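Novice: Turn this into a structure:
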Amino acid sequence: MDKSAKDPAKIQAMFSTIAPRYDLLNKVLSLGIDGYWRKVAVNQMPRTGGGLRFLDVATGTCDVALEIVKRCPDAKVVGVDFSKGMLRLGKEKVQKAGHQDRIELRFADVVSLPFEDNAFDASIIAFGIRNVQEYKKGISEMGRVVKSGGKVVILEFTSLQNPFFRLPYRFYITKVLPFIGEIVSGKKGAYKYLPSSMLEFPGPEELKKAMEEAGLRDVKYYRLTLGVVAVHVGTK
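Specialist: Purely as a prediction, here's the structure:
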């Protein structure tokens, strides 16, 4: 994929454009499985310990942040995103859920996180790292802000390996997904970028290697739903 397709300004504009229908689109396009994927990813993060503090990168409309506070009653979450449109909707969801005292939202980019080293017990990104032009730098930043022994979790779409489902999957994400995305979002062309971002992002082994190169250890990954997505987790 042409690197210009991942120009931060273009990605920013795209997500702000589709923000109002983002949650509905996720449910429709994932056939309702996206909530399960997020729960599995959040379950890779530490549960015990007083005063746990987590970073949710590319928080979007805060589904992951809300899942974290539900699972960890004493934890606090900082959610960051570089789409102001997404953050506005996320703030509304957090307030509606009554968690504004536990979830703090900030405008920030993963490649330059505005936090000190060792500030969090874990960092997580869900369906965001493939949209980052310098994704290895983003992984490095997620590791930098985590304490020694803390976790870095990445939930992302991956290339489907099962030969029986590879062709139907490719047809779905290259033809069906953009068509449905356009109808639901009401934005012509808004979902044309996503198929290439999903198909051309590094596979699980390559992403694992990138995490190891960023200084993370014991990196493991788990394929979910026939390998459509993978959850990677590494320890600082």
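Novice: ok, then the element right after the longest strand along the chain?
Specialist: For the chain, the longest strand by residue count, based on DSSP state E, is strand 146-157. Sequence-wise, the next helix or strand downstream of strand 146-157 (DSSP states H and E) is helix 163-171.
Novice: so what secondary structure elements neighbour the helix or strand that that next one is followed by?
Specialist: Using DSSP H and E, the next helix or strand after helix 163-171 towards the C-terminus is helix 177-185. Judged by 3 or more Cβ pairs under 8 Å, 6 or more residues apart in numbering; DSSP states H and E, helix 177-185 is in contact with helix 8-18, helix 22-29, helix 193-199. In short, each C-beta sits where N, CA and C put it, glycine included.
Novice: Quickly note the distance from the residue sitting furthest away from the middle of the chain to residue 229.
Specialist: Distance from the C-alpha centroid of the chain peaks at residue 164, with 27.2 Å (Cα atoms, centre = their mean). From residue 164 over to residue 229 the distance is 18 Å, taken as Cβ to Cβ, to the nearest Å.
Novice: Same question for residue 81.
Specialist: 20 Å.
Novice: ok, now how distant is residue 37 from residue 196?
Specialist: Distance from residue 37 to residue 196, by Cβ to Cβ: 21 Å.
Novice: again but with residue 120, I slipped
Specialist: Counting by Cβ to Cβ - residue 120 and residue 196 are separated by 32 Å.
Novice: Of those two, give the one with the bigger neighbour count.
Specialist: residue 120 (24 against 16; other Cβ atoms under 10 Å).
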